[in-house]
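>>> Provided below for reference: sequence and predicted model.
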Amino acid sequence: MKRFIARHEPEETEKRYAEIVAERSVTIHHDEDGTGSLYAENLPSYVLAGIDRRLDHAAKSLTEDDRTLAQRRADVFVDALDHIDPDNEPARGTNLAIGVMVPASTLAGVDDQPAISADRDWILPANVLRVLATSGDPFWYRLFVDERDDVLAVSYHGYSPPEHLKNAIRYRDGTCRYPGCLRTVAKCDLDHREPWPHGQTCADNLWALCRHHHKLKTFRHAEPVPHDDGWAWHVGETILTE
């Protein structure tokens, strides 16, 4: 619904975006038990997506650590704030790519269709996208060119797909392909629908599955079956469709 409104009311979407971002703030609330909460409100979604990826990357790099991932993320966040030098701009650290899908018509200035995140969860108004595109050094990646150069139409030797095919599938799927699962592609595995080496390393045989549903498939508690023009899942006596 959010994407539908953004596509059909691009000017209103840009106006609402500007009004909301203008009210951005960070507040701290102290509780009575010696703890509290920090709230960052009305920040741009692309900024929050970048923070989320950086926290995950930093937290997961801490190996042999007894803390949970959530605890490590929280501690990494606090540690980053503790190291802010008031006299100098802090380094941004690892530059993890946060990509969006952009209609060619928007880039050409034909219309103002918004960009959409890979997980289909947030949008970026056209006017903001154009500012980012001209003020930074973005990497443009065209997934579909023509039948000869379509990265989704090529098979590759070996188990692991090349990085450009991984990116293409992540953008194609958005979330875990198990019906009803909304875990984002950033937190999913790329699974061979028909196990390798019998199944090819190609877009038709690769999809995003979260670790839980990947394990269900691996141990045959849930099996994908052809259904109409797509796939359904056979779970016990039940058939689940998207």
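Arrived safely, thanks for sending.

>>> residues in contact with the residue nearest to Lys187 when sequence neighbours are not counted?
Leaving aside its chain neighbours, Lys187 sits nearest to Cys210 (6.5 Å; criterion: CB to CB, 6 or more residues apart in numbering). All C-beta spots, glycine's among them, are computed from the backbone N, C-alpha and C. Cys210 makes contact with Cys176, Tyr178, Cys181, Arg183, Lys187, Cys188, Asp189 under the criterion CB atoms under 8 Å, 6 or more residues apart in numbering.

>>> Out of the residues you listed, which comes closest to Arg220?
Checking the contacts of Cys210 against Arg220 by CB to CB gives Tyr178 as the nearest, at 14.4 Å.

>>> correct me, but the closest one touches Ala208?
No: using CB atoms under 8 Å, Tyr178 is not in contact with Ala208, being 9.4 Å away.

>>> Tell me which of these two has more neighbours.
Looking at Tyr178 and Ala208 with other CB atoms under 10 Å, you find the greater number of neighbours at Ala208, namely 27 against 24.

>>> give the contact list for the more buried one.
Under the criterion of CB under 8 Å, 6+ apart, the neighbours of Ala208 are Ile169, Arg170, Asp173, Gly174, Thr175, Cys176, Arg177, Val185, Cys188, Asp189, Leu190, Asp191.

>>> likewise Asp119?
Contacts of Asp119 by CB under 8 Å, 6+ apart are Gly174, Thr175, Thr184, Val185, Ala186.

>>> As a markdown table, these with pLDDT would be great.
Output for the contacts of Asp119, formatted as a markdown table (pLDDT from 0 to 100):
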| residue | pLDDT |
| --- | --- |
| Gly174 | 87 |
| Thr175 | 91 |
| Thr184 | 86 |
| Val185 | 87 |
| Ala186 | 82 |
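
>>> sec struct for the closest residue to Pro10 other than its chain neighbours, please.
Closest residue to Pro10 in three dimensions, ignoring its sequence neighbours and counting by CB to CB, 6+ apart: Asp112, at 3.9 Å. Here Asp112 is recorded as coil under DSSP: H, G, I helix; E, B strand; the rest coil.

>>> in which helix or strand would I find Ile28?
Here Ile28, judged by DSSP states H and E, is contained in strand 25-30.

>>> follow-up on the earlier one: ok, the residue nearest to Lys187 to Thr184 distance?
Relative to Thr184, Cys210 is positioned 9 Å away (CB to CB, to the nearest Å).

>>> Is it possible to mark the buried ones in the contacts of Ala208?
Neighbour counting with 16 or more other CB atoms under 10 Å marks Ile169, Arg170, Asp173, Gly174, Thr175, Cys176, Arg177, Val185, Cys188, Leu190, Asp191 as buried within those.

>>> List just the nearest of the contacts of Asp119 to Ala59.
Ranked by distance to Ala59 (CB to CB), these are led by Ala186 at 13.4 Å.

>>> number of nearby residues for Gly199?
Quick note: Gly199 (other CB under 10 Å) scores 14 neighbours.

>>> wait, isn't it in contact with Arg193?
Yes: counting by CB under 8 Å, Gly199 touches Arg193, with 6.4 Å between them.

>>> any shared contact partners between those two?
Asn205.

>>> what does stretch 233-242 contact?
177-180, 221-225, 227, 230-232.

>>> List the buried residues of stretch 118-127.
Ala118, Asp119, Arg120, Trp122, Ile123, Leu124, Pro125, Ala126, Asn127.

>>> So which of those residues sit within strands?
Counting by DSSP state E, the buried residues of stretch 118-127 place Ile123, Leu124 in strands.

>>> which two in the buried residues of stretch 118-127 are spaced the farthest apart?
Across the buried residues of stretch 118-127 (CB to CB), the longest gap, 22.5 Å, separates Asp119 and Asn127.

>>> Does anything pack onto the longest helix along the chain? Which helices or strands?
Scanning the chain for the longest helix, with DSSP state H as the assignment, gives helix 45-60. Packed against helix 45-60 by the contact rule (3 or more CB pairs under 8 Å, 6 or more residues apart in numbering; DSSP states H and E) you find helix 69-82, strand 115-117, strand 123-124.
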